[in-house]
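Chemist: The sequence isn't on hand, but the structure is:
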């Protein structure tokens, strides 16, 4: 049996596994203008469809791979989005994804959440490499990835879209004497 996702915390955020009562949050995230423009229109328009998508997506990813996306919330506050690892057939390694409600964008929450996930990747999962895909015109996400030490690997085709590919290699940890 796969263990439950851990709870990660930062100064301002709590990242935890998704529950079915997060369907309202994810319905809102999946239908923001930014998500629809930069990621995709998943056609999820009801809370019931969002619950089904949570089961088939984030919850199943944790069960199958032992990692996945986290629900991002303010410490002692509301949920504000999603951040974590995804597994795509088109990529050889897990990829990092972040999507926040618009009212929380531009305040450093995305980078803070992504940093917590990357520490988890380095310290617990010991993943040697993580990738990220970004729409070419998503300037803010490209800048965030560069701040997180991702490098551009150029463009790739996924489906009928040209996407920017970034990667980050796990930092070397100095040996303790």
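Modeler: Yep, that arrived. It should be emphasised that the depicted structure is a prediction, and the values quoted were computed from it without experimental measurement.
Chemist: residue ranges of the strands in this protein, please?
Modeler: 8-9, 13-16, 69-74, 79-86, 95-100, 129-134, 151-158, 161-169 (DSSP state E).
Chemist: deepest of those strands, which one?
Modeler: Mean neighbour counts were compared across the strands of the chain using mean count of other Cβ atoms under 10 Å; the top stretch is strand 79-86, at a mean of 25. C-betas here are computed from N, CA, C, even on glycine.
Chemist: what's near enough to touch residue 111?
Modeler: By Cβ atoms under 8 Å, 6 or more residues apart in numbering, the contact list for residue 111 reads 144, 147, 148.
Chemist: What residues sit buried inside stretch 27-44?
Modeler: 27, 28, 29, 30, 32, 34, 35, 38, 39, 44 (16 or more other Cβ atoms under 10 Å).
Chemist: so can I have TSV of the strands of the chain showing mean pLDDT?
Modeler: Formatted as TSV, the strands of the chain follow (pLDDT from 0 to 100):
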stretch	mean pLDDT
strand 8-9	98
strand 13-16	98
strand 69-74	98
strand 79-86	98
strand 95-100	98
strand 129-134	97
strand 151-158	94
strand 161-169	95
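Chemist: what pLDDT does residue 143 get?
Modeler: Residue 143 is assigned a pLDDT of 96 by the prediction.
Chemist: sorry, that was for residue 173
Modeler: On pLDDT, residue 173 comes in at 54.
Chemist: Equivalent analysis for residue 150, please.
Modeler: For residue 150, pLDDT reads 97.
Chemist: likewise residue 1?
Modeler: pLDDT, residue 1: 53.
Chemist: before we move on, what about residue 48?
Modeler: 98.
Chemist: residues contacting it?
Modeler: Going by Cβ under 8 Å, 6+ apart, residue 48 touches residue 23.
Chemist: going forward, begin numbering at 99 instead of 1
Modeler: Happy to do that; since the first residue is 99 now, the last one works out to residue 146.
Chemist: Distance of it relative to residue 177?
Modeler: Distance of residue 146 to residue 177, given as Cβ to Cβ, to the nearest Å: 18 Å.
Chemist: now, which of the buried residues of stretch 125-142 sits nearest residue 226?
Modeler: residue 137 (26.0 Å; Cβ to Cβ).
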